[in-house]
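>>> Need a 3D model of the sequence below.
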Amino acid sequence: IQQRGLNAVLLHLPYYGERRGQKKRDNSEFLITMRQGVADARRAFDAVAALPGVDKTRISLQGTSLGGFVATSAASLDGCYHQTFIMLAGGDLAGQSPVSADRATRLQTTIADVAARWPKQRHITPQDLAHLMHDDAAMIFDVRGPEEYAVSHLAGAIRVDAGITPAAFLSENASALNGKLAVFYCSVGVRSSKLAERVGDTAFKAAGATGSANLAGGIFAWHGQERPLVDAKGATSFVHGYDRTWSQLIKRQELISNDAKK
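Below you'll find the predicted structure:
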């Protein structure tokens, strides 16, 4: 591969290669192992993309056997890999977790609905935002209530009321916007899209920002991809579900705050 001008990174999945360890793989934990492998493949893109001299638009992924499942899942979640190569993979993994698959489908439908309602608004993926945060190129605004924000939020996010006027928003935050993309999020993207549209891209750029964007799928999508969240004490895995209905879109139901289950 190197002789053809390509560089490669070998990723050992759980229970394979240097990660084999002394413990035998427990088939009852197969889906847990699978989820870890997918998370590893997704983070591998972030790690490789951050290397000097790497064109992140030309990073591809290849998976064999179980790695084929992992590659398919990782590539489809973020859409970041240039090309994906699958070898000797087959089966029905989705059928092993129909409830989780249904939640993911419903969230994707909601994301598409939000994009259709606000077609002029830029919508970015959690993967996009993670790279913007790495480059310190985004100013993040949490458009949820104080009780939702208290449970968890993205690191560095500033909470703003959904009903704030454009003038008040710019007056309070203009100095933080200079040279950065203003990124808004809420639970799934409705409240954040409304506010971003109400302020308007022209006003953002007049304040020195590079523009504005809505986080597609909001904090539910970010949490579902197991990306980092914080509360007042530090890192946390919990998320507020807004209410009983909307909380059904959350992938990891066991990590919904108790308030949202009422």
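
>>> Residue 226 - how many residues pack around it?
17 (other Cβ atoms under 10 Å). Heads up, the C-betas are built off the backbone N, CA and C, glycines and all.

>>> Please apply the same query to residue 109.
Neighbours of residue 109 using other Cβ under 10 Å come to 11.

>>> any idea how far it lies from residue 154?
23 Å (Cβ to Cβ, to the nearest Å).

>>> Over to residue 19?
From residue 19 to residue 154 the distance is 30 Å (Cβ to Cβ).

>>> With neighbour numbers in mind, choose between those two.
Higher neighbour count among residue 19 and residue 154: residue 154, with 23 against 13, using other Cβ under 10 Å.

>>> what's that one in contact with, if anything?
Residue 154 is in contact with 129, 133, 140, 142, 185, 219, 222, 228-230, counting by Cβ atoms under 8 Å, 6 or more residues apart in numbering.

>>> any idea of the mean pLDDT for the host helix or strand of residue 150?
Assigned by DSSP states H and E, residue 150 belongs to helix 146-151. Averaged across helix 146-151, pLDDT comes to 97.

>>> what sits against the residue nearest to residue 45 when sequence neighbours are not counted?
In this structure, residue 45 finds its nearest non-sequential neighbour in residue 80, 5.3 Å apart by Cβ to Cβ, 6 or more residues apart in numbering. Residues in contact with residue 80 (Cβ under 8 Å, 6+ apart) are 45, 49, 56, 59, 127.

>>> The first one against residue 78, yeah?
Read it as residue 45. Yes - with contacts counted by Cβ atoms under 8 Å, residue 45 reaches residue 78, the gap being 7.2 Å.
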